[in-house]
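Trainee: From the sequence below, what's the structure:
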Amino acid sequence: MMKYLLILIIFINSNSFSQTQNTKSSFKTKKKIYLFGEAHFIKEKYDEIKAFTFEKIDDLNKGEKISFFFELPYSINYAFKQMKDFGDTTVFYEWFNHLYQSKNKTPSYFWTDYRDFILELIHYADNKGIELELIGIDTELEFRRTAFILSQFENKIDTTIESLVNLDYIRNDSLTRSVLLNQIEELSKISQNEIEFDILKTLKNSLTIDCTICLDRDQFMYSCFKQNFDSTSCLNFVSLGLNHIVSKHDFSKASPLFRKKYKFDTIGYQSFYELLDKEFKDQTLRVGILALNNKLKYFNMSKPSDYKTIMNSLERDYIEKQLLNKDVYRIKVSENKVLNNLSEQLDYLIIYRVSHYRWE
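Mentor: Residues are numbered from 1 along each chain as shown. Got it, this is the predicted structure:
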């Protein structure tokens with residue numbers, strides 16, 4: 001444990017939390033819920049979310065509470081609980097070494113930046129005397145992560161979970177699901193730990209959702225959000241992929257390979273945002289973090305990002321003109337008459353001229 005605490009201290013002391021002009025996104029609003037919808041491989045997205053969130057925290061008084069909901073599996077709440085109750089980051093750090101089906105595949109920058117953003121958020125809130133609640137609301141998309149969390153529980157029956165985690169490769173298939181569900185059933189009979197029991201109860205549902213882009217997944221995330229929503233929190237931040245927060249979707253151009261990999265079921269699909277009831281929607285501001293062009297891996301060139309379902313050609317042309325002489329454009333969409341169509345999808349837009357995630 002001391003090793004991880006030392007790493008955390010070194011990390012915190014080596015980072016400056018001042019906000020640069022490049023990520024200033026503030027504007028006056030009385031909304032209580034900020035819903036971030038990001039195109040997943042925008043390398044600046046964590047800096048943007050961090051700057052936006054920190055500016056809102058600065059307006060709060062010491063002792064007030066905020067909640068941050070992540071597109072991370074519900075089971076990670078066990079790691080969040082360990083950090084909050086005991087100051088122990090061990091499970092949180094180790095979780096990032098169990099991200100993929102393969103045992104020895106190291107985390108990408110996408111994931112290590114995500115991890116570091118969460119640590120900075122904790123540190124910033126702590127320095128301001130703000131109570132921070134961290135909550136994962138997603139389904140279990142990788143069974144290795146689920147097995148790892150179960151292997152950390154206090155109550156264990158046998159070595160089945162440890163044996164599973166030690167495999168070089170864990171398939172996300174029906175056999176592994178059955179093994180996990182059987183262990184969950186047995187653990188549920190003996191667990192006396194409140195957070196363990198809560199996760200076990202939720203896993204019985206989430207592990208049966210065998211799709212990535214589907215109504216069931218968004219309904220699950222909405223249910224977890226609603227269940228954990230605390231009316232005493234001054235602010236609530238929700239970070240999700242762009243498709244989960246916009247209203248219009250067109251999956252018709254998805255390739256067969258993409259459909260097979262991500263297990264589509266888009267019949268009757270409604271996004272997380274569309275599932276919110278009127279009371280929640282009235283409190284919500286949707287922030288989109290996008291890039292007009294994505295740089296290609298291994299090549300010094302980029303290709304246009306397709307946002308036809310949320311902006312028309314005139315709106316795209318207008319945004320391109322705003323980006324002729326700068327890297328990023330920020331706009332409260334509802335205040336710009338040219339972006340009338342886009343305003344039905346987003347309330348605030350942060351869009352980069354070109355971006356790509358670091359591969360090296």
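Trainee: In its sheet, which strands sit next to the top strand by length along the chain, and in what direction?
Mentor: In the chain, with assignment by DSSP state E, the single longest strand is strand 284-295. Strand 284-295 sits in its sheet next to strand 33-38 (parallel), strand 302-304 (antiparallel), strand 348-355 (parallel), going by DSSP bridges.
Trainee: what's in contact with the last one?
Mentor: In this case it means strand 348-355. 25, 27, 41-44, 48, 285-295, 302, 319, 323, 326-333, 339, 342 (CB atoms under 8 Å, 6 or more residues apart in numbering). Bear in mind the C-beta positions are built from the backbone N, C-alpha and C, glycine included.
Trainee: how distant is that strand from the center of its chain?
Mentor: With CA atoms, centre = their mean, to the nearest Å as the basis, strand 348-355 stands 18 Å off its chain's centre.
Trainee: And the shortest one, by the same measure?
Mentor: Its chain's C-alpha centre and that of strand 302-304 lie 25 Å apart, by CA atoms, centre = their mean.
Trainee: relative to strand 284-295, how tilted is the helix or strand that it is followed by?
Mentor: Next in sequence after strand 302-304, counting helices and strands by DSSP states H and E, comes helix 313-322. Counting by axes from the mean of the first three to the mean of the last three CA atoms, to 10 degrees, helix 313-322 lies at 70 degrees to strand 284-295.
Trainee: Run through the neighbouring helices and strands of helix 313-322.
Mentor: Judged by 3 or more CB pairs under 8 Å, 6 or more residues apart in numbering; DSSP states H and E, the packing partners of helix 313-322 are strand 284-295, strand 328-332.
Trainee: what is the rounded mean pLDDT of that helix?
Mentor: Averaging pLDDT along helix 313-322 yields 97.
Trainee: From the geometric centre of the chain, which residue sits farthest away?
Mentor: residue 158 (32.7 Å; CA atoms, centre = their mean).
Trainee: coming back round to it: out of the helices and strands packed on helix 313-322, which one sits most buried?
Mentor: Scoring the helices and strands packed on helix 313-322 by mean neighbour count under mean count of other CB atoms under 10 Å gives strand 284-295 as the most buried, with a mean of 22.
Trainee: Lovely, talk soon.
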